[in-house]
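> Sequence unavailable; structure follows:
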């Protein structure tokens, strides 16, 4: 049972469906935290066993609080249901490979020393989640880029446009944007519009159904079978 954030934008659900269609497991289903059906309780109704995987790129409020609370509500109603809870998709080294794939598709060679990258996440009120994105940018910087700077579409700073403008002022030969976002929608559209206006030369596509994400989903599923993430009662 893959649980995505959900969006009013139909492209988001279509992207999640495309990702899950590529996952080589026998019974793959989807639920959403908000805006879309089915909700987690609806999706789990009638089942006796499920591995629940958060289709989220960072561990933050949704994965630490919302999802465990929803799962405990379901288990209270259906005590025979056995749930194994898995880790979020990120952080994971394969996500950097997926980001480079999307930049490559946009014409940006991996590790180009004349290119500064703005790594854009959705942003969170949880400072720990934002710190993980900053650490991901720091690790990715070692690949040879001019630099890699983290930015946040909401709840934290710098904004993507601010990060692009700062790099332009600093003399970066070229500034490109790598959205650390799973699916298209409001954030992805705003990031593209604002960063191009601020001076970015390229904005890559969202991660979507990249093959690396398929591999991460399978890995998280197998890990949840071996050692599930504890759910607070």
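Nice, I can see it. From a predicted model like this one, the values you see are computed outputs, not experimental measurements.
> who does the strand or helix carrying residue 83 pair up with?
Take DSSP states H and E as the rule and residue 83 turns out to sit in strand 82-85. Note on strand 82-85: by DSSP bridges, its sheet partners are strand 49-54 (parallel).
> which of the residues in the partner strand are buried?
For strand 49-54, the neighbour count (16 or more other CB atoms under 10 Å) marks 50, 51, 52, 53, 54 as buried. Where C-beta positions appear, they are placed from N, C-alpha and C, glycine not excepted.
> ok, of these, which one's closest to residue 118?
Distance to residue 118 across these (CB to CB) is lowest for residue 54, with 25.2 Å.
> where's the helix or strand of the chain with the lowest mean pLDDT relative to the chain centroid, distance-wise?
Least confident helix or strand, the chain: helix 61 with a mean of 76, by mean pLDDT, DSSP states H and E. Chain-centre distance of helix 61: 14 Å, with CA atoms, centre = their mean, to the nearest Å.
> after that helix comes which helix or strand?
Next along from helix 61, by DSSP H and E: helix 67-77.
> and that next one, what other elements does it pack with?
helix 40-44, strand 49-54, strand 82-85 (3 or more CB pairs under 8 Å, 6 or more residues apart in numbering; DSSP states H and E).
> what about 10 Å?
Contacts defined by 3 or more CB pairs under 10 Å, 6 or more residues apart in numbering; DSSP states H and E place helix 67-77 against strand 2-4, helix 40-44, strand 49-54, strand 82-85.
> closest one to residue 168 among the ones you listed?
strand 2-4 (34.1 Å).
> ok now that closest one, how far from the chain's centre?
In terms of CA atoms, centre = their mean, the centre of strand 2-4 is found 11 Å from the chain centre.
> Could I get the buried residue list for stretch 36-51?
Neighbour-count burial for stretch 36-51 flags 36, 39, 40, 43, 44, 47, 50, 51 (criterion: 16+ other CB under 10 Å).
> all strands in the chain, in order from the N-terminus.
Per DSSP state E, the chain carries strands over the ranges 2-4, 30-32, 49-54, 82-85, 116-121, 147-152, 175-179, 202-203.
> Partner strands of the last one and their direction?
This points to strand 202-203. Strand 202-203 sits in its sheet next to strand 175-179 (parallel), going by DSSP bridges.
> ok and the partner strand relative to strand 147-152, angle-wise?
Following axes from the mean of the first three to the mean of the last three CA atoms, to 10 degrees, one obtains 50 degrees for the angle between strand 175-179 and strand 147-152.
> so strand 175-179 versus strand 116-121, what angle?
If you take the same axes, to 10 degrees, strand 175-179 sits at 20 degrees to strand 116-121.
> quick one on the thing from earlier: got the helices and strands packed on helix 67-77 as TSV, with mean pLDDT and distance to residue 94 columns?
As requested, the helices and strands packed on helix 67-77 are exported to TSV (pLDDT from 0 to 100; distance: least, CB to CB, whole Å):
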stretch	mean pLDDT	distance to residue 94
strand 2-4	97	17
helix 40-44	94	26
strand 49-54	96	15
strand 82-85	94	21
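> looking at these, which is closest to residue 147?
Evaluated over those, closeness to residue 147 peaks at strand 49-54, with 30.3 Å, by CB to CB.
> ok, residue 174 - contacts?
108, 112, 114-117, 146, 167-168, 199-202 (CB atoms under 10 Å, 6 or more residues apart in numbering).
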